[in-house]
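Novice: Need the 3D shape of this:
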Amino acid sequence: MSRLPAIVSVCLAASPIFAQSVDRVEFGPRPYYLIDRMAEGPLKETLMSCGGQDASTSLFSIGHRGAPMQFPEHTIESNQAAARMGAGILECDVTFTEDLELVCRHAQNDLHTTTNILATPLAETCVTPFSAADGETSATAECRTSEITLGEFRTLTPKMDASDASATTVEAYLGGTADWRTDLYSVESATLMTHAESIALFQSLGAKFTPELKAPSVDMPFNGFSQQDYAQKLVDEYKAAGIPASDVWLQSFNLDDVLFWIEAEPDFGAQAVYLMDEYDIEEYSPMDSATWPNTMEELKAMGVNYIAPPTWMLVTTSDVGQIVPSELAIQAKAAGLNIITWTLERSGPLVNGGGWYYQSIADLTTSDGVMYEYINALAQDVGVVGIFSDWPATVTYYANCMGLE
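Specialist: Sure, this is the predicted structure:
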C-alpha cells in the first residue's frame with residue numbers, strides 16, 4: 001500500500017469498499033441458462049459435465065468496463081462484480097479531466113449518458129446542452145470530462161450507459177436503459193473512479209490490468225498536454241503504484257499510441273494491445289487481406305505482439321454451417337500475434353441474429369445457446385488468449401471447464 005500515490009492512499013483509507021478482496025468466485029445462474037439452450041452435442045455435454053466444479057479466476061476472462069450488463073460501467077461495484085465472477089483482468093477506459101487527471105470513462109464525451117450531469121449544476125459545462133426531442137428530431141446532449149475538474153467529476157453519480165432519444169425532459173433523457181439490462185444496481189448510486197484508484201482496486205481484488213487510452217474529444221495538445229504526455233501518464237501511474245509491466249496490457253485503437261509505448265516503454269509495450277477498428281474503412285473485409293491497411297506480418301514487424309479485433313472479424317461460417325476462423329484470424333496466428341477479442345454479453349437475446357457482434361455468423365445465431373459455440377470457436381479454432389465480456393461469469397465458466405488459465 002505504501003507504493004500507492006498519496007491521493008489514492010487517502011481514498012483507500014476513507015473507503016473500506018476498496019479493501020474487499022475476492023475470497024470465492026461464483027458463476028451464478030447465467031452460464032447454466034446458456035448451456036440449457038445449446039443444441040445437443042459434445043460441446044454441450046462437456047460444459048454440462050463441469051457444472052459441479054468449483055469456480056476460479058481466469059486470465060482468459062476479461063471484465064469489459066467491469067460487469068456493465070447489470071452494473072454501471074467503470075464503477076467500483078461493477079468491477080467487484082466482475083472479479084467475483086472470476087475475471088482475471090479488469091479494464092479501465094482512460095480519459096482526462098480539465099485539470100489533466102486520468103479517470104475511468106468509456107469516452108471523454110459520454111457523461112450525458114453515463115452520469116447524472118444533466119440534472120446537476122455542471123450541466124452548464126456541457127458542450128451541447130440538453131435539447132428536447134421535437135417531432136422527428138431526437139433529443140441531444142454532449143458532456144465531456146475535459147470540461148470539468150477532477151473535484152467536479154467526483155460529485156457526479158454514475159448510471160447505466162443509456163439515453164432516451166425521444167425524451168422531452170432531462171429526467172426522461174437520463175433513462176432509456178435497455179430492457180435486457182437493469183437499473184437495479186444504480187438506484188442507490190455506484191462509485192466513480194480515477195485511473196489510479198482503479199489500479200488500487202484491481203490490485204486489492206487480485207486482478208491484472210488492461211487500461212485503454214481513449215481518443216480525446218478535444219484537440220491535442222490540450223492545456224499543454226500532448227498525446228504522448230497522455231500515453232506516458234497512463235504508464236506512469238502503474239509505475240507509481242509499483243505494478244509490474246507483465247501484469248498490464250495497455251490498449252489503444254490508435255496504432256501510434258501502441259508504437260509510442262513500444263519505443264518509450266518497451267517493458268509495457270511488449271504487451272500493448274492494438275485494438276482494431278478497420279471495420280470503419282470503406283470496403284474493408286476481414287476475409288480479404290487486400291483491404292487491410294496493415295498486414296499481420298507488418299504489424300508484427302512494427303513490434304506489435306497483441307491485436308484485439310471485435311469478435312465478428314475473427315470468424316465466418318463454413319459451407320456446412322460451422323463457425324470457422326476468418327482470413328484475418330488465420331494470418332494473425334501465422335504471424336505470431338496474440339489475439340484478444342471483444343465483446344460478449346452486449347447484444348441482448350440472440351434469437352434474432354445477435355446484432356453487430358455476431359454479424360459474420362448471423363445466419364447461425366438463433367438462440368442464446370449459440371454463445372458457447374461462439375466462445376468455443378474463438379478459443380479452440382481461432383486461438384484467442386482472452387475474451388472481454390459484460391458479464392464475465394459466462395467466459396469464466398468456459399475457461400474453468402476447458403482448463404484455460
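Novice: which residues sit against stretch 226-245?
Specialist: 3-5, 8, 94, 96, 100, 102, 195-196, 199-200, 203, 209, 211, 213, 216, 220-221, 248, 250, 252, 254, 256-257, 260-261, 264-265, 267-268, 270-271 (CB atoms under 8 Å, 6 or more residues apart in numbering). Quick note: C-beta positions are derived from backbone N, CA and C, even for glycine.
Novice: repeat for stretch 158-170
Specialist: 68, 72-75, 106, 110, 112-116, 118-119, 123, 130, 132-134, 138-139, 141, 172-178, 181-183, 186, 189-192.
Novice: Please, where are all the strands along the stretch 201-350 of the chain?
Specialist: 208-209, 212-213, 251-252, 273-275, 306-308, 315-317, 323-325, 338-344 (DSSP state E, counting those that start in this stretch).
Novice: for the ones you listed, which one sits closest to V370?
Specialist: strand 323-325 (8.7 Å; CB to CB).
Novice: average pLDDT across the closest one?
Specialist: Regarding strand 323-325, the rounded mean pLDDT is 98.
Novice: now it, how far from the chain's geometric center?
Specialist: How far strand 323-325 lies from its chain's middle: 23 Å, per CA atoms, centre = their mean, to the nearest Å.
Novice: Which elements pack onto it?
Specialist: Packing partners of strand 323-325 (3 or more CB pairs under 8 Å, 6 or more residues apart in numbering; DSSP states H and E): strand 315-317.
Novice: residue ranges with poor pLDDT in this structure?
Specialist: Where the chain drops to pLDDT under 70, the residues are 1-20.
Novice: Give me the longest helix you can find in it.
Specialist: Longest helix of the chain, by residue count under DSSP state H: helix 227-240.
Novice: returning to what we had before: mind putting the strands of the stretch 201-350 of the chain into CSV with distance to D36?
Specialist: Below are these laid out as CSV (distance: least, CB to CB, whole Å):
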stretch, distance to D36
strand 208-209, 32
strand 212-213, 34
strand 251-252, 34
strand 273-275, 34
strand 306-308, 30
strand 315-317, 24
strand 323-325, 20
strand 338-344, 18
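Novice: Tell me which residue lies nearest the centroid of the protein.
Specialist: What sits nearest the mean C-alpha location of the chain, by CA atoms, centre = their mean, is H64, with 3.1 Å.
Novice: Not counting its neighbours along the chain, what's nearest that one?
Specialist: Nearest non-adjacent residue to H64, counting by CB to CB, 6 or more residues apart in numbering: F388, 4.0 Å away.
Novice: which SS class is the one you found?
Specialist: strand (DSSP: H, G, I helix; E, B strand; the rest coil).
Novice: And the one 3 residues further on, by the same measure?
Specialist: Under three-state DSSP, W391 falls in the coil class.
Novice: residues contacting R154?
Specialist: R154 neighbours (CB under 8 Å, 6+ apart): L192.
Novice: Quick check: phi and psi on the residue of the chain most remote from its centre?
Specialist: Farthest-out residue of the chain from its mean C-alpha position, per CA atoms, centre = their mean: G135, at 34.9 Å. Backbone geometry at G135, expressed as degrees, to the nearest 10, gives phi 60, psi -120.
Novice: ok, it to L90 distance?
Specialist: G135 is 43 Å from L90, where distance means CB to CB, to the nearest Å.
Novice: and what of D219?
Specialist: According to CB to CB, D219 and L90 sit 31 Å apart.
Novice: Ok, I35 next?
Specialist: Counting by CB to CB - I35 and L90 are separated by 25 Å.
Novice: How about T365?
Specialist: To L90, T365 is 28 Å away according to CB to CB.
Novice: And for E197?
Specialist: E197 is 12 Å from L90, by CB to CB.
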